[in-house]
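Asks: Below is the sequence, then the predicted model.
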Amino acid sequence: MDKIVIEGGRPLKGQIAAGGAKNAALPDIAACLLAGGVHHIYNVPRLRDIETIKGIMARLGVVFKDIENGLYVNASDIKCHEAPYDMVKTMRASILLLGPLLARHGRARISLPGGCAIGARPVNLHLKALAAMGADITLEHGYINARADRLKGTRVFFDIPTVTGTENIMMAATRAEGLTVLKNVAKEPEITDLANMLRSMGAHIEGDGTDVITIEGVKDLSPSEHTVIPDRIETGTFMIATVMTGGDVKITDCRPEHLGVLIEKLESVGAEIKTSDRAIHVKGPKTIESVDIRTLPYPGFPTDLQAQFMALMCIAKGWSMVRETVFENRFMHVSELRRMGADIEINGAQALVRGRKNLIAAPVMATDLRASACLVLAGLVAEGGVTDVHRIYHLDRGYESLEKKFAGLGASIWREKVSPQ
Ligand code: EPZ
């Protein structure tokens, strides 16, 4: 078990490159199951979640090799179709194996992903859509058993725009018989990244990034050469940290067009932001103004940046309202922020943040991936000593050496081993 130790009070200055997007790389790697042969995927981030999906897919018979800035993936010889509970429980995104396995192999046995710290996170919409495509789905002993000789194209209306639900059904439909029309789909950039990879494999997909996606099934797909898009949540985390510390940072290799609403929010708190084709230059203000946010599916404010933005509002002038509309329990970071002196009042799905002049260094505990990033950001500005962020295995799921990246921008931050009590 490691912890991250931070001495706050240093403004971030310099240049940092965004890494590949975790939430694009995961479906992209799963999509390799749709075609035999050798795929090459570039700009894959080195993260725990990536190692997890590689581990599960290797058990199915997929061969992985590290190559320069990416992965060699050979899914020619699938010997097993089961994703076991002990691996799925560590990463819910394993549900993304269901669609491709069904589409190419006609069967799958995937452990039902349990809930997690941020919510129940059911997969009912994934299963309802696959059943509508003709899959025979049964649930027993905590597993999803699915079979389908050949999925059939159909019309699916998602009750909620689900990101991995859209990805799962889009992958399943690429090899289904006939036309599939998906409505009320998620529009996140990661959906379009996956659609681009599937098109490079020979899939017929249109409408990704809009409310309606149509897929004309084909009998076979071929392996791909694909580069994963930059991580907009990592980029947004760097941007918020720069504003919090009153810094001056240029983030390169990123996609400013994926961060429209965050740029608008940070400008309204007083930051100076300049964007070019692949870079964002952020300068923090002397005084941080408060502003309300409400999380929504893309292109609304990303729920994956809510905790980080709340840390910023904790040191803003005035009060702000943070509304979380996507997940039912995504305020786990609030109790830890309060231990650092934050003044936050929760009322159901909204949190009233009364800005303070500063936060106070303290030992805190991470509870989930984005909450851990929020606590690191709070530590960067906390006064009166060092902040210890414990249980940072949560952080390592979605950020590659975050403490080294912040140290490279001038922060006093390092990782320490914690001996088990
Ligand atoms: C994806 O999760 C992301 N994960 C999450 O990122 C992200 O927070 C989330 O989308 C929302 O943007 C990956 O892409 C691997 P949803 P996902 O299905 O697909 C409900 C991070 O920090 N729902 O879009 O699981 C669900 O409960 C992670 O990187 C159903 O009710 O999220 C939620 O309230 C955290 N039934 C809402 O929809 C279903 O069958 C949106 O969830 C599916 C979802």
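Replies: Yep, that arrived. Here the structure is a predicted model, which is why all the values come from computation and not from measurement. Numbers count the residues shown, from 1 in each chain.
Asks: contacting residues around N196?
Replies: By CB atoms under 8 Å, 6 or more residues apart in numbering, the residues touching N196 are H226. For every residue, glycine as well, the C-beta is placed using N, CA and C.
Asks: what about it, distance to the ligand?
Replies: Distance from N196 to the ligand, counting by CB to the nearest ligand atom, to the nearest Å: 16 Å.
Asks: in the host helix or strand of that residue, what counts as buried?
Replies: Per DSSP states H and E, N196 falls inside helix 189-200. The neighbour-count check on helix 189-200 (16 or more other CB atoms under 10 Å) flags 189-198 as buried.
Asks: State the next helix or strand along the chain beyond it.
Replies: The element immediately downstream of helix 189-200 (helix or strand, assigned by DSSP H and E) is strand 204-206.
Asks: for the record, mean pLDDT for that following strand?
Replies: Taken as a whole, strand 204-206 has a mean pLDDT of 98.
Asks: Just checking: what are the partner strands of that strand?
Replies: strand 212-216 (antiparallel) (DSSP bridges).
Asks: Closest to the ligand out of the buried residues of helix 189-200?
Replies: E190 (6.2 Å; CB to the nearest ligand atom).
Asks: before we move on, back to that, mind giving me JSON lines with the buried residues of helix 189-200 and columns for pLDDT?
Replies: JSON lines is the format used below for those (pLDDT from 0 to 100):
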{"residue": "P189", "pLDDT": "98"}
{"residue": "E190", "pLDDT": "98"}
{"residue": "I191", "pLDDT": "98"}
{"residue": "T192", "pLDDT": "98"}
{"residue": "D193", "pLDDT": "98"}
{"residue": "L194", "pLDDT": "98"}
{"residue": "A195", "pLDDT": "98"}
{"residue": "N196", "pLDDT": "98"}
{"residue": "M197", "pLDDT": "98"}
{"residue": "L198", "pLDDT": "98"}
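Asks: hmm, which two among these are most spread apart?
Replies: P189 and L198 (14.9 Å; CB to CB).
Asks: which residues touch stretch 66-82?
Replies: Contacts for stretch 66-82 (CB under 8 Å, 6+ apart): 29, 32-44, 54, 57, 59-65, 101, 104-105, 107-110, 227.
Asks: What is the end-to-end distance of it?
Replies: End-to-end distance for stretch 66-82: 24 Å, by CA to CA, to the nearest Å.
Asks: Quickly note the distance from P256 to Q15.
Replies: Going from P256 to Q15 by CB to CB, to the nearest Å gives 15 Å.
Asks: These two: which is more packed in?
Replies: Comparing P256 with Q15 by other CB atoms under 10 Å, the one with more neighbours is P256, at 20 against 12.
Asks: Tell me, what's the model's pLDDT at that one?
Replies: On pLDDT, P256 comes in at 98.
Asks: Quick check: closest non-adjacent residue to it.
Replies: Using CB to CB, 6 or more residues apart in numbering and skipping residues adjacent in sequence, the residue nearest P256 is T275, 3.9 Å away.
Asks: tell me which element S320 falls in.
Replies: Take DSSP H and E as the rule and S320 turns out to sit in strand 319-323.
Asks: For that strand, which residues meet the burial criterion?
Replies: 320, 322.
Asks: pLDDT on it, on average?
Replies: Across strand 319-323, pLDDT averages out at 98.
Asks: Then stretch 16-27?
Replies: Stretch 16-27 shows an average pLDDT of 98 in the prediction.
Asks: going forward can the numbers begin at 18, since that is how I track them
Replies: Right, with 18 as the first residue, what we last looked at is stretch 33-44.
Asks: close to the ligand, is it?
Replies: Yes - using CB under 6 Å from any ligand atom, stretch 33-44 reaches the ligand at 39-40, 43.
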